[in-house]
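Undergrad: Give the three-dimensional model of this entry:
(one chain, ligands or ions: 1)
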Amino acid sequence: MTGNAATVLAGPPAATAVIAAAARQAATLERPPHLVIVRVGDDPASVSYVRGKAKKAGESGLRSTVHALPETTPSADLLALVASLNADPDVHGILVQLPLPPHIAEEPVLAAIDPDKDVDGLHPMNIGRLWSGRPTLAPCTPAGVMALLEHYGVPVAGRRAVIVGRSQLVGRPLAGLLLAADATVTVAHSRTRDLGAVTREADILVAAVGRAHLITPDMVKPAAVVIDVGINRVVGDDGKAHLTGDVHPDVAAVASALTPVPGGVGPMTVAQLMANTVQAARRQQSQTSGVTGDLVR
Ligand SMILES: Nc1nc2c(c(=O)[nH]1)N[C@@H](CN(C=O)c1ccc(C(=O)N[C@@H](CCC(=O)O)C(=O)O)cc1)CN2
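TA: Sure, this is the predicted structure:
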């Protein structure tokens with residue numbers, strides 16, 4: 001491909017800024033915010049992600065506790081643990097790592113978390129608040145995408161945003177956040193006809209499907225900003241497994257800016273979890289001290 005290479009929207013600098021702001025706020029609280037992460041089973045990626053979240057929490061001045069439960073844990077036992085964490089005033093944020101083992105339905109577990117401690121922003125109450133444009137705890141990856149766009153000064157208001165993918169974790173809540181930021185939002189998915197015609201309309205194109213290199217240069221409007229949320233583990237020509245995104249690398253010759261995989265949205269997910277935990281702790285500690293603490297976005 002020929003043409004100027006796109007600006008790289010690197011995650012780490014933006015993640016550092018989000019975490020630094022969260023750490024400053026954490027330092028003003030009576031007690032360090034306490035994040036509890038529950039992992040069920042030993043899926044290697046989940047083990048790695050949870051380890052990374054706990055490490056980042058420690059680096060950010062937060063406390064963290066990991067409950068690692070066996071793959072065979074009954075739903076009732078997981079729900080009982082969530083109930084105990086809800087009731088514990090020393091727990092400010094609760095996250096149940098996804099995916100859960102097949103025998104455990106995710107929705108009842110996510111709905112069992114106290115909405116005020118739901119630092120994943122996946123509780124129906126928080127999803128409803130997001131879609132009604134009210135301050136809330138927002139899902140970490142979508143909120144991380146918005147923070148990345150803000151960090152690099154990407155204009156959103158009035159722009160055409162196209163999201164490819166409609167997952168509960170990313171596509172759907174990100175559509176709500178982009179709408180709240182006054183973008184004109186389209187959500188494409190597996191039943192969308194002529195996907196390329198839709199993606200070429202985007203000033204801001206977000207790929208959040210989980211299909212390696214789905215988005216090719218012909219699907220991108222020249223000078224569009226492309227956000228790659230994909231996390232695909234593929235075997236390269238060298239026979240080794242490596243991580244790649246939903247966006248083909250050649251898109252860099254068409255886009256004006258592009259997030260790398262790895263090193264783009266992923267670190268923002270973790271950074272936003274720190275920010276959400278501090279936000280939840282601030283609100284809970286202000287409530288116990290009698291001052292009304294509104295959620296801040
Ligand atoms: N309860 C939740 N479960 C899951 C979530 C979530 O937000 N809440 N998100 C994903 C996975 N995820 C966090 O859990 C996550 C994915 C990727 C990264 C990240 O930093 N990736 C690095 C590369 C790391 C690697 O080599 O694998 C990057 O992109 O640079 C962090 C967190 C599913 N589950």
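
Undergrad: and the residue in the chain that the ligand sits nearest to, what element?
TA: Going by C-beta to the nearest ligand atom, the ligand is nearest to residue 266 of the chain, at 2.1 Å. Where C-beta positions appear, they are placed from N, C-alpha and C, glycine not excepted. With elements delineated by DSSP states H and E, residue 266 resides in helix 265-288, which encompasses its position.

Undergrad: With residue 67 instead?
TA: Using DSSP H and E, residue 67 sits in strand 63-69.

Undergrad: What residues sit buried inside that strand?
TA: Of the residues in strand 63-69, those buried by neighbour count under the rule 16 or more other C-beta atoms under 10 Å are 63, 64, 66, 67, 69.

Undergrad: go on, stretch 99-108?
TA: So stretch 99-108, judged by 16+ other C-beta under 10 Å, has buried residues 100, 104.

Undergrad: what's in contact with it?
TA: 40, 41, 43, 46, 71, 72, 73, 75, 78, 79, 98, 109 (C-beta atoms under 8 Å, 6 or more residues apart in numbering).

Undergrad: Likewise for stretch 86-94?
TA: Under C-beta under 8 Å, 6+ apart, the answer for stretch 86-94 is 31, 33-36, 38, 82, 85, 112-114, 117-119, 273, 276-277, 280-281, 284-285, 288.

Undergrad: one more time with 7 Å
TA: Residues from elsewhere that reach stretch 86-94, judged by C-beta atoms under 7 Å, 6 or more residues apart in numbering: 33-36, 82, 85, 113-114, 117-119, 276-277, 280-281, 284.

Undergrad: Among these, which has the minimum pLDDT value?
TA: Within those, pLDDT reaches its minimum at residue 284, with 94.

Undergrad: contacting residues around that residue?
TA: Residue 284 is in contact with 92, 116, counting by C-beta under 7 Å, 6+ apart.

Undergrad: Stretch 253-262 close to the ligand?
TA: Yes. If you take C-beta under 6 Å from any ligand atom as the test, stretch 253-262 does meet the ligand, through 261, 262.

Undergrad: now the helices for the stretch 151-297 of the chain?
TA: Counting by DSSP state H, counting those that start in this stretch, the stretch 151-297 of the chain forms helices over residues 171-180, 195-199, 265-288, given from the N-terminal end onward.

Undergrad: So which of those helices is the most surrounded?
TA: Of all those, helix 265-288 has the most neighbours on average by mean count of other C-beta atoms under 10 Å, namely a mean of 24.
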